[in-house]
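Asker: Quick one: sequence plus predicted model below, questions after.
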Amino acid sequence: MNPIIIETKRLRIIAGTAEITHAAIHNRLLFSELLHAIITPAWPHELLKDAEPFFAEVLVKDPDSAGWWIWYVTLKDIKNGIATLIGNVGFKGRPHTDGTVELGYSILDEFQRNGYGLEATRALIDWAFKNDAVSSITAETFPDLIPSIQIMKKCGMTFDGPGSEEGTIRYRMNRSELSWV
């Protein structure tokens with residue numbers, strides 16, 4: 001099964017499949033080949049280490065759910081034609097019955113503050129809203145993670161109250177609020 005790929009000006013964003021996520025956990029060389037990207041020593045981000053086995057398991061059971069879980073963000077190198085894995089974005093599963101999906105994102109430290117998180121997040125929001133089952137997108141963070149909040153705001157999300165875990169806050173955007181297209 002070929003992965004879903006989103007191309008932006010600077011990024012190539014690849015939806016995780018069972019094969020890709022399994023390789024991410026067990027075979028770094030194959031993972032690099034499947035993404036057509038260099039995998040830096042900083043990969044994976046600490047928070048992702050526990051989540052990737054879950055994604056792999058879900059995608060084995062439900063291959064058609066690719067796109068509703070993890071996406072790998074690679075930075076294109078136009079000059080040399082080589083990409084580098086710089087982070088991940090994704091959802092916490094398919095849209096709920098009310099049409100809501102929850103979005104998450106993470107860029108490796110050495111690649112932060114270049115707009116890659118914003119570019120990848122916007123691309124994934126665009127992708128999600130092309131699906132008629134999606135009516136709103138939420139994202140959660142901690143109140144002191146200002147860069148994360150800035151990404152949500154720049155994407156058009158607005159504060160929506162406390163998050164699902166203690167100490168977190170939630171932002172939301174509805175399909176009708178998509179402002180950059």
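Answerer: Looks like it came in fine.
Asker: need the helices for this protein, in chain order.
Answerer: Per DSSP state H, the chain carries helices over the ranges 18-26, 28-35, 46-61, 116-129, 146-154.
Asker: Nearest to Lys92, out of the ones you listed?
Answerer: Ranking those by proximity to Lys92 (CB to CB) places helix 46-61 first, at 9.8 Å. All C-beta atoms are positioned from the backbone trio N, CA, C, and that covers glycine.
Asker: and that closest one with helix 18-26, angle?
Answerer: 140 degrees (axes from the mean of the first three to the mean of the last three CA atoms, to 10 degrees).
Asker: mind checking which helix or strand of this structure has the lowest mean pLDDT?
Answerer: One helix or strand of the chain scores below all others by mean pLDDT, DSSP states H and E: helix 46-61, with a mean of 89.
Asker: Can you tell me which residue is spatially central in this structure?
Answerer: Among the residues of the chain, the one closest to the centroid is Val89, at 1.0 Å (CA atoms, centre = their mean).
Asker: Please tell me how far that residue sits from Ile4.
Answerer: For Val89, the distance to Ile4 (CB to CB, to the nearest Å) stands at 13 Å.
Asker: same deal with Ala37?
Answerer: 16 Å.
Asker: rewinding a little: TSV for the helices of the chain, including mean neighbour count and distance to Ala83?
Answerer: Formatted as TSV, the helices of the chain follow (neighbours: other CB atoms under 10 Å; distance: least, CB to CB, whole Å):
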stretch	mean neighbour count	distance to Ala83
helix 18-26	20	14
helix 28-35	16	7
helix 46-61	15	18
helix 116-129	21	12
helix 146-154	17	22
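Asker: can you tell me which of those helices comes nearest to Glu102?
Answerer: Using CB to CB, the nearest of the helices of the chain to Glu102 is helix 116-129, at 10.5 Å.
Asker: Any stretches of the chain with poor pLDDT?
Answerer: 1, 78-79, 178-181 (pLDDT under 70).
Asker: run the last query once more with 50
Answerer: 181 (pLDDT under 50).
Asker: Write down the beta-bridge partners of Phe91, one by one.
Answerer: When bridges are called by DSSP bridges, Phe91 pairs up with Leu103.
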